[in-house]
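1. Please work out how this folds:
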Amino acid sequence: MNLIWRFYLDPNQQWRWQHLAFDQTVVAHSRKGYKEYEHCIKNAQAHGYIFLPSQTTRATVRNDVRTRW
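-> Take a look at the predicted model:
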């Protein structure tokens, strides 16, 4: 499963996307540039992009667990 998506500005200041394999091989890419980032995202969504917010690595404190001290 390919989960890496890259969004970037090309040399003409147009937004583009790339869908990458885990080994950084380009699987798919936008065929044109977009002036607006939102339009680029919308095109990527039409090609399978789903926004997944990053997961926190911060530990959460549970009050219902007793300590052994």
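
2. Let me know the pLDDT of Q55.
-> Per-residue confidence (pLDDT) for Q55: 75.

3. Helix, strand, or coil at it?
-> coil (DSSP: H, G, I helix; E, B strand; the rest coil).

4. so who does the spatially most central residue of the chain touch?
-> In the chain, the residue lying closest to the centroid (Cα atoms, centre = their mean) is W5, at 4.8 Å. Neighbour list for W5: 17-20, 44, 49 [criterion: Cβ atoms under 8 Å, 6 or more residues apart in numbering]. (Each C-beta comes from the backbone N, C-alpha and C, glycine too.)

5. Let's see that with 6 Å instead.
-> 19, 49 (Cβ atoms under 6 Å, 6 or more residues apart in numbering).

6. Using the three-state scheme, assign it.
-> strand.

7. does it have beta-bridge partners, and which?
-> H19 (DSSP bridges).

8. Also the one 10 residues further on?
-> Beta-bridge pairing for W15 (DSSP bridges): L9, Y34.

9. can I assume it is in contact with Y37?
-> Yes - look at W15 against Y37 with Cβ atoms under 6 Å: they come within range, at 5.2 Å.

10. which one of these two has more residues nearby?
-> W15 (21 against 11; other Cβ atoms under 10 Å).
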